[in-house]
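J.: Next one to model:
(one chain, ligands or ions: 1)
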Amino acid sequence: MTNIAKNIERLSDRLRRLERQYERSAASVQLLAVSKRHPVQSIIAANKAGIVDFGENYLQEALDKIQHFSSMHLNWHFIGPIQSNKTKAIAENFQWVHSIDRFKIAQRLSDQREPSTAKLNVCVQIKLCDETNKSGVELSKAEALCDSVDALPNLKLRGLMAIPAAVPDLESQRRTFRVLAQEYDRLKPRYAQFDTLSMGMSNDLEAAIAEGSTLIRVGTTIFGPRS
Ligand SMILES: *Cc1c(COP(=O)(O)O)cnc(C)c1O
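T.: As a prediction, the model looks like this:
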């Protein structure tokens with residue numbers, strides 16, 4: 001077994017344990033493997049271990065990988081900041097985008113998505129009261145942005161995402177994630193296909209699961225440190 005396969009097995013066991021510990025239903029937390037700055041060999045190893053969902057931040061690197069794996073049925077998630085001049089390639093090549101924080105970007109993605117293909121699944125990224133991360137819409141503007149994204153014809157609004165500032169202790173991590181989870185619960189009845197709370201990374205996934213995450217985005221714990 002490769003190290004990556006072992007890491008995935010250990011992580012999956014841990015996920016199932018955390019689901020029980022925090023009274024989440026079995027398999028209610030999905031795993032997105034964040035493969036940014038890792039080579040295609042690492043993606044192959046993860047795929048052999050059962051992973052089909054991969055997250056990428058850098059467009060050109062991602063496009064090379066998507067091209068490389070074009071004969072396989074992998075789901076590609078764009079999770080990084082989006083500049084306007086990148087929306088066409090994202091709309092044409094990804095299944096998911098987690099980092100919508102302005103209407104203009106959402107509108108371009110919808111306009112550039114081929115209507116005959118499946119809709120592009122999107123999450124709105126929320127900024128959770130910290131100065132370190134400039135991405136994300138403010139909480140007070142989340143509902144208005146979600147309403148306008150939900151009205152776009154070629155996008156499917158699936159939920160919310162956030163990247164909180166790194167803090168070491170579980171309780172402060174949980175407090176921050178709770179803010180996002182409460183907004184998610186409040187907005188959920190408004191949108192037909194709202195089922196994804198994208199929160200939790202290698203260092204805060206336990207807190208995220210405790211607070212109701214449905215999808216954790218994990219890089220380092222699966223693939224090791226990035227080059
Ligand atoms: C890099 C990245 C991750 C993965 O982070 P790790 O700490 O390596 O697990 C998750 N989400 C986003 C948006 C990222 O950019």
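
J.: Could you give the backbone dihedrals for Lys127?
T.: Taking degrees, to the nearest 10, you get phi -90, psi 120 for the backbone angles of Lys127.

J.: quick one: contacts for it?
T.: By C-beta atoms under 8 Å, 6 or more residues apart in numbering, the contact list for Lys127 reads Asp101, Asn133, Lys134, Ser135, Gly136, Val137, Glu138, Leu139, Ala162. (Each C-beta comes from the backbone N, C-alpha and C, glycine too.)

J.: Can you tell me the strand partners of the host helix or strand of Asn121 and which way each runs?
T.: Asn121 is part of strand 120-127, with elements assigned from DSSP states H and E. As defined by DSSP bridges, the strand partners of strand 120-127 come to strand 96-100 (parallel), strand 137-138 (parallel), strand 155-161 (parallel).

J.: Run the chain-centre distance for that strand.
T.: 8 Å (C-alpha atoms, centre = their mean, to the nearest Å).

J.: what is the mean pLDDT for it?
T.: For strand 120-127, mean pLDDT rounds to 98.

J.: Give me the buried stretch members for that strand, please.
T.: Leu120, Asn121, Val122, Cys123, Val124, Gln125, Ile126, Lys127 (16 or more other C-beta atoms under 10 Å).

J.: Would you state the helices of this protein in chain order?
T.: Taking DSSP state H as the test, the helices found in the chain are 3-21, 40-48, 59-68, 87-93, 103-112, 142-150, 170-187, 205-210, 220-223.

J.: Relative to the ligand, how far out is the nearest residue to Thr196 once chain neighbours are set aside?
T.: Nearest residue to Thr196 in three dimensions, chain neighbours excluded: Gly159, at 3.3 Å (C-beta to C-beta, 6 or more residues apart in numbering). Distance from Gly159 to the ligand, counting by C-beta to the nearest ligand atom, to the nearest Å: 14 Å.

J.: go on, Arg24?
T.: 20 Å.

J.: give the contact list for the nearest residue to that residue once chain neighbours are set aside.
T.: Closest residue to Arg24 apart from its sequence neighbours, by C-beta to C-beta, 6+ apart: Ile209 at 6.5 Å. Contacts here follow C-beta under 8 Å, 6+ apart; on that basis Ile209 touches Leu15, Leu18, Glu19, Tyr22, Arg24, Val29, Gly200, Ile216.

J.: Can you turn the buried part of those residues into a PyMOL selection?
T.: In PyMOL syntax, the buried subset of the contacts of Ile209 is picked out as below (16+ other C-beta under 10 Å):
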select buried, resi 15+18+19+24+29+200+216
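
J.: Just give me the closest of the contacts of Ile209 to Asn154.
T.: Distance to Asn154 across the contacts of Ile209 (C-beta to C-beta) is lowest for Ile216, with 27.1 Å.
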